[in-house]
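Visitor: everything below, folded, please.
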Amino acid sequence: MEIIKIFIIPLILAVTLLQGDAQELPIENPNKPEDRVPATLTFYRTDGNSQYVAVSSKLSDTSEDEDWQDFFSDASTVDVIACVTGIWRFFPSTNYHVTPEATGYILGKSDKSSCYFIGQNGAVFLDLLSYRGLGGDDVNWDAIHFFTEDYGGGETMSFYAPFTGIPDELIPNIPNQVFVTRSFLITGKQPADPDPVNTPVYRIIFDPLGDAREGSVCFVLNKETVEGKVSRMHFQERMYYVDDSDGGVNSLFMGSLQHFTLNNMIEDDCKVNSTVGQKRLESPRSVATFPLIGA
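Guide: Below you'll find the model as predicted:
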């Protein structure tokens, strides 16, 4: 994820707040059916006997899902492959909570389909008691999803585009209007031909009133995947970033938020030029995953 210096021109954030899970959308999806990118999760057994397909982008208690239990009950004797679109989190507790002892697993990295080799470790999923797609049902939607716990755990609230125009507006005082954010996911609409006009930029401002002199970091959703395609997703697992000017690890605080597009860039307004840092932080509590097929 590339972080660049951004100039903010006047825009309004006309947003809709959602209390609860991100996929329960309070407004009509503006995407045409052919433009939607559904969040998908499918587990396959290499013996060909069965598969598990998630019918919803969330499940608060896997012990109540007979298909889940049946699929993984004898998965230690056969290789398993998982294919996902979007980013999916699997939690060691019901209702999407991270515990001090374990953070669970993560599958997926972008709005593109990815497959993972679980091997004969499928039985570990019997100990994962809830799961959800962090970006809701349609990951091709300009939105930001906040979480109360590290690694996408806990309660969630979402802001959805469209973002349109009266000058000098931002989303202020997020700690009080939403909650203290411990992690977040950004998704951005993927146009047919990505270009700077359509590239979303989210500016995280540390000050709740939007004073950028207190610090800010810009997230630009134009990272290329290994396939050479543009990814419009960024998952901030923990609230830290690495300042590229000195390599220092710094705290990231969601005080207020601005949204705009890359074509509105002028140098030297975002004072921090930084690469998103949580992937560079070696932590024993980092969310575990499995080998990515084809990487």
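
Visitor: going by C-alpha atoms from here, please, whenever you check contacts or count neighbours.
Guide: Noted.

Visitor: could you list the buried residues of the longest helix seen in the chain?
Guide: If you go by DSSP state H, the chain has its longest helix at helix 66-73. By neighbour count with 16 or more other Cα atoms under 10 Å, helix 66-73 contains the buried residues Asp67, Trp68, Gln69, Phe71, Phe72.

Visitor: of all those residues, which comes closest to Ser110?
Guide: Lowest distance from Ser110 to the buried residues of helix 66-73 (Cα to Cα) belongs to Trp68, with 24.2 Å.

Visitor: now that closest one: how far from Val55?
Guide: Going from Trp68 to Val55 by Cα to Cα, to the nearest Å gives 11 Å.

Visitor: and the strands in the stretch 101-250 of the chain?
Guide: Under the criterion DSSP state E, counting those that start in this stretch, the stretch 101-250 of the chain contains strands at 105-119, 130-133, 143-147, 156-160, 183-187, 200-205, 216-220, 223-224, 230-231, 233-236, 240-243, 249-251.

Visitor: dump those to a markdown table, plus mean neighbour count.
Guide: Below are the strands of the stretch 101-250 of the chain laid out as a markdown table (neighbours: other Cα atoms under 10 Å):
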| stretch | mean neighbour count |
| --- | --- |
| strand 105-119 | 21 |
| strand 130-133 | 27 |
| strand 143-147 | 24 |
| strand 156-160 | 23 |
| strand 183-187 | 25 |
| strand 200-205 | 24 |
| strand 216-220 | 25 |
| strand 223-224 | 15 |
| strand 230-231 | 20 |
| strand 233-236 | 24 |
| strand 240-243 | 20 |
| strand 249-251 | 13 |
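
Visitor: and those, which one's lowest on average pLDDT?
Guide: Note on the strands of the stretch 101-250 of the chain: lowest mean pLDDT is at strand 223-224, with a mean of 61.

Visitor: hey, where'd the helices end up in the protein?
Guide: Here the chain has its helices, by DSSP H, at 66-73, 174-177.

Visitor: Leu221 is nearest to which of those helices?
Guide: Closest approach to Leu221 among those is made by helix 174-177 (21.5 Å; Cα to Cα).

Visitor: go ahead and flag the most central residue of this structure.
Guide: In the chain, the centroid-proximal residue (Cα atoms, centre = their mean) is Leu185; its distance is 2.9 Å.

Visitor: what's across from it in the sheet?
Guide: Leu185 has these beta-bridge partners by DSSP bridges: His145, Phe235.

Visitor: which residues touch it?
Guide: Counting by Cα atoms under 8 Å, 6 or more residues apart in numbering, Leu185 touches Leu134, Gly135, Ile144, His145, Phe146, Gly152, Met233, His234, Phe235, Gln236.

Visitor: and these as CSV, adding distance to Glu34?
Guide: Compiled in CSV, the contacts of Leu185 are given as follows (distance: Cα to Cα, whole Å):
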residue, distance to Glu34
Leu134, 21
Gly135, 18
Ile144, 22
His145, 23
Phe146, 27
Gly152, 28
Met233, 19
His234, 23
Phe235, 25
Gln236, 29
